[in-house]
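In: sharing a model prediction with you, sequence too.
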Amino acid sequence: MKTGHKILATLCGGALFVAGTAQAQTPTTAEFYRGKQIAMLIGYSAGGGYDLYARMVSRYMGKHVPGNPAIVPQNMPGAGSLKVVNYLAQVAPRDGTAIGTFGRSLPLYPLLIGPADFDATKFGYLGSVATDVSLCISWHQSPIQSWKDVVAKEYRAGGEGRGSEPDVFATVLQKVFDTRTKLITGYPGTAEMTLAMQRGEIDGLCGISYSTLQSIHSDWLQSGQVKILVQSATKKHPAIPDVPLITDLMKDPRKSAILDLIVAPQEMARPFAAPPGLPPERLQALRDAFDATMKDPEFLAEMKKSKLDVDPVSGKSIQELVTKLWASPKDVIEAAAAASGAEPTKK
């Protein structure tokens, strides 16, 4: 062999060796996760609907992830789950060892509420256990017993923080429907707000899911202790056909377009997501594991026993929905932002 050919062969062989070594040093998904834990960050306090769904998913999803890591739920309440969104976007490791769940309205926060340090289109959405219907409710001892009362009287509604669903919908009642709704915000989660409702500190709250009432407070529904005032969703829940749909109550075409944008996130119900920038193979592994969990017979049996709905939305569908909402017409976004309580523009 000529000298030039020998050198070329040596260089090529060396390059193949280096490439092979690099490939060997990159662990497979199963090798990476084996013996590890995945933190499931829950943007609300214990005892609410998001908490229940997240703990159920945590219990079963790990066995469907290659390497079978343990998934450990951790409550991280704050600002209506904005704390978890910011943590995922800025602090959480981007290797697949941290995932989280947060309010369905939070992906629109930068558009409708004010400046934020995250781009909701960049998260790796895993899916949602079910679609859901969001409600405004009141306690049976409150003077607010129906939608007509919301229009005619002062409705003291509980909230969690700027941009959270209870705060957004209470503000929408004020600004879109010109009601005298009074927002009393700062509660850590649904459990604390429903307790305040029973004590008479507030009349009720908006942004509570029907599935939460059904699973945690079914006795309230059966006894009539809680009154459902209006449902905020793209379509009515079949169990409450007589409760008005908020979009049906608005006849003004421009305001209807505003409501459509604000209500659209209901389709993703309780999203689960990974931080931006995950290795594609790990994001896909987490999505596959989430999908497999939704078909797991043991998971389904426990969900049924707990009266929790399972009507999955895929991670891909949520990703497409968020991207679509962020591409909404500028004038509609601006009008919806004004109706949602956006921060005033600083001059």
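Out: Thanks, I have it. Worth saying up front: this structure is predicted, and the values here are computed from it rather than measured.
In: so how far is the one helix or strand residue 74 maps to off the chain centroid?
Out: In this structure, residue 74 sits in strand 70-75 according to DSSP states H and E. Offset of strand 70-75 from its chain centre (Cα atoms, centre = their mean, to the nearest Å): 17 Å.
In: before we move on, what about stretch 88-106?
Out: 11 Å.
In: same thing with stretch 75-88?
Out: 11 Å.
In: next, the distance between the ends of that stretch.
Out: 14 Å (Cα to Cα, to the nearest Å).
In: tell me how the chain divides into domains.
Out: As assigned by automatic domain parsing, the chain contains the domains 29-131+267-340, 134-265.
In: include mean neighbour count when you put the ones you listed into JSON lines, please.
Out: Quick note: C-beta positions are derived from backbone N, CA and C, even for glycine. JSON lines is the format used below for these (neighbours: other Cβ atoms under 10 Å):
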{"stretch": "domain 29-131+267-340", "mean neighbour count": "19"}
{"stretch": "domain 134-265", "mean neighbour count": "19"}
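In: could you dump these to JSON lines with mean pLDDT?
Out: Shown next, in JSON lines, are the domains of the chain (pLDDT from 0 to 100):
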{"stretch": "domain 29-131+267-340", "mean pLDDT": "96"}
{"stretch": "domain 134-265", "mean pLDDT": "94"}
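In: spatially nearest residue to residue 132, not counting backbone neighbours?
Out: residue 269 (4.0 Å; Cβ to Cβ, 6 or more residues apart in numbering).
In: now do the contacts for that neighbour.
Out: Contacts here follow Cβ atoms under 8 Å, 6 or more residues apart in numbering; on that basis residue 269 touches 104, 128, 129, 130, 131, 132, 209, 313.
In: could you rerun that using 10 Å?
Out: Contacts for residue 269 (Cβ atoms under 10 Å, 6 or more residues apart in numbering) come out as 49-50, 53, 104, 127-134, 209, 211, 233, 309, 311-313, 318.
In: circling back to that earlier point, packing partners for the strand holding residue 74?
Out: strand 37-42, helix 49-61, strand 98-101 (3 or more Cβ pairs under 10 Å, 6 or more residues apart in numbering; DSSP states H and E).
In: wait, which of these is closest to residue 248?
Out: helix 49-61 (24.5 Å; Cβ to Cβ).
In: can you pull out the strands in the stretch 151-300 of the chain?
Out: 156-158, 182-184, 204-209, 226-232, 272-274 (DSSP state E, counting those that start in this stretch).
In: turn the ones you listed into TSV, columns for distance to residue 195.
Out: Below are the strands of the stretch 151-300 of the chain laid out as TSV (distance: least, Cβ to Cβ, whole Å):
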stretch	distance to residue 195
strand 156-158	10
strand 182-184	13
strand 204-209	11
strand 226-232	13
strand 272-274	27
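In: out of those, nearest to residue 329?
Out: strand 226-232 (21.4 Å).
In: tell me how far that closest one is from the chain's mean position?
Out: So, by Cα atoms, centre = their mean, the centroid of strand 226-232 is 20 Å from its chain's centroid.
In: what's the answer for stretch 64-83, then?
Out: 13 Å.
In: start to end distance for it?
Out: 28 Å.
In: before we move on, the earlier item: tell me the angle of the strand holding residue 74 relative to helix 49-61?
Out: 170 degrees (axes from the mean of the first three to the mean of the last three Cα atoms, to 10 degrees).
In: tell me the helix or strand right after strand 70-75.
Out: By DSSP H and E, the next helix or strand past strand 70-75 is helix 82-90.
In: circling back to that earlier point, okay, now the sheet partners of the strand holding residue 74, with direction.
Out: The pairing partners recorded for strand 70-75 under DSSP bridges are strand 37-42 (parallel).
In: can you give me the angle the strand it pairs with makes with helix 82-90?
Out: Going by the same axes, to 10 degrees, strand 37-42 makes 140 degrees with helix 82-90.
In: dump strand 37-42 to PDB, restricted to CA.
Out: Taking C-alpha atoms only, strand 37-42 is exported to PDB below (Å, rounded to 0.1, in the frame of the first residue of the first chain):
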ATOM      1  CA  GLN A  37     -36.100   9.500  39.600                       C
ATOM      2  CA  ILE A  38     -38.300  11.900  37.600                       C
ATOM      3  CA  ALA A  39     -39.600  14.800  39.500                       C
ATOM      4  CA  MET A  40     -43.300  15.400  38.800                       C
ATOM      5  CA  LEU A  41     -43.800  19.100  39.700                       C
ATOM      6  CA  ILE A  42     -47.400  20.100  40.500                       C
END
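In: possible to save the helices and strands packed on strand 70-75 as JSON lines with distance to residue 81?
Out: As requested, these are exported to JSON lines (distance: least, Cβ to Cβ, whole Å):
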{"stretch": "strand 37-42", "distance to residue 81": "8"}
{"stretch": "helix 49-61", "distance to residue 81": "7"}
{"stretch": "strand 98-101", "distance to residue 81": "8"}
